[in-house]
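Chemist: Structure for the following, please:
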Amino acid sequence: MDKTLADDLQLALNIAKKANEQSMARFRALDLEITTKPDRSPVTDADKSVENIIREQLSKQRPNDSIIGEEFGTSGDSERVWIIDPIDGTANFLRGVPVWATLIGLRVDGEYVLGVVSAPAMHRTWWAAAGHGAFTEDVDSTVREINVSSVKNIADASFSFSSIELWQQSGQIENLLTISEQVWRTRAYGDFWSHMLVAEGVVDISAENDLKIYDWAALAPIVKEAGGIFRDQSGELNDQTSAVMASNGLLDADLAKLLA
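Modeler: From the prediction side, this is the model:
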């Protein structure tokens, strides 16, 4: 692995551990502060404090890099851009559901080269760096390389999505119903977890709508390095990508057709 990229990956993993300490200290806290953003999505004091920790560490270790974060926007104009979601799954977090994660991604010259997904309440971490595979740390702290599945037929596929409400709001509820009729199994694992399960090969396809760049930037390189395809439902990922899809690659065309 390129020394710089290896250092970047180790830095991201170290920062994720610091973020975990703060997020777990606030998880299920009786004095958790919850407010509503203009888009009516919830935000907690943990979202803000975790992002502050990540930004502080990046400012110290990578002062010339840019940052895009969910809570505090964009800073810097470098082609090395750290893209962070302090708590992906805030609605779960504030209700005490353990399915949430800190997402840290790195884009260099337009390429998404690194991703770390840390879900401390689930005792799980996933990570990848361009050209060097994807890995996960399991509940028992063992580390293993992960790969997507080899399922070839859509009728045999397991599909995971977000909420029915988001599909309805995005005008895709009919597509969701069509997919559910075509595949073997559907589950709404939601948020980051759907796509990490694709990377692990235990789910074959996933899709989600109404996202921002910080929701998926860390996920894309992990799915890719696991041998899959993570992309905009209409084509290539870009800063405005809102609707994403992930697959083992073998089912990319089938999923795209069902989403069209």
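Chemist: Quick one: low-confidence residue ranges for this structure.
Modeler: Residues of the chain meeting the criterion pLDDT under 70: 1.
Chemist: Could you chop it up by domain?
Modeler: Domain ranges of the chain: 3-142, 154-259, per automatic domain parsing.
Chemist: Could you point out which of these sits nearest V148?
Modeler: Proximity to V148 (C-beta to C-beta) singles out domain 154-259 among the domains of the chain, at 3.8 Å. To be clear about C-beta, it is placed using only N, CA and C from the backbone, and glycine gets the same treatment.
Chemist: could you pull out the strands for the stretch 1-150 of the chain?
Modeler: 34-36, 42-44, 66-69, 73-75, 80-88, 101-108, 111-119, 124-129, 134-137, 143-146 (DSSP state E, counting those that start in this stretch).
Chemist: Which of those strands sits closest to A260?
Modeler: Closest approach to A260 among the strands of the stretch 1-150 of the chain is made by strand 111-119 (24.1 Å; C-beta to C-beta).
Chemist: could you dump the closest one to CSV, C-alpha only?
Modeler: Extracted in CSV, the C-alpha atoms of strand 111-119 (Å, rounded to 0.1, in the frame of the first residue of the first chain):
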residue,chain,number,x,y,z
GLU,A,111,-11.5,9.3,-6.6
TYR,A,112,-13.0,7.8,-3.4
VAL,A,113,-9.9,6.0,-2.1
LEU,A,114,-10.6,5.2,1.5
GLY,A,115,-13.5,4.4,3.8
VAL,A,116,-14.0,3.7,7.5
VAL,A,117,-17.3,2.7,9.0
SER,A,118,-17.3,2.4,12.8
ALA,A,119,-20.4,1.1,14.6
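Chemist: what sits up against it?
Modeler: Contact with strand 111-119 is made by 5, 8-9, 12-13, 16-17, 19-20, 98-107, 124-130, 192-193, 196, 217-222, 224, 237, as judged by C-beta atoms under 8 Å, 6 or more residues apart in numbering.
Chemist: And the buried ones among those, selectable in ChimeraX?
Modeler: The buried residues among the contacts of strand 111-119 can be selected in ChimeraX (16 or more other C-beta atoms under 10 Å) with this line:
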select :5,8,9,12,16,19,20,99,100,101,102,103,104,105,106,107,124,125,126,127,128,129,130,192,193,196,217,218,219,220,221,222,224,237
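Chemist: tell me how far stretch 193-207 is from the chain's mean position?
Modeler: How far stretch 193-207 lies from its chain's middle: 11 Å, per C-alpha atoms, centre = their mean, to the nearest Å.
Chemist: hang on, the earlier thing: how about the domains of the chain in CSV, adding distance to V148?
Modeler: Formatted as CSV, the domains of the chain follow (distance: least, C-beta to C-beta, whole Å):
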stretch, distance to V148
domain 3-142, 9
domain 154-259, 4
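Chemist: Can you tell me which of those domains is most buried?
Modeler: For the domains of the chain, the largest average neighbour count (mean count of other C-beta atoms under 10 Å) is found in domain 154-259, namely a mean of 20.
Chemist: end-to-end on it?
Modeler: End-to-end distance of domain 154-259: 13 Å, with C-alpha to C-alpha, to the nearest Å as the criterion.
Chemist: How far off centre is it?
Modeler: Going by C-alpha atoms, centre = their mean, where domain 154-259 is centred and where its chain is centred differ by 11 Å.
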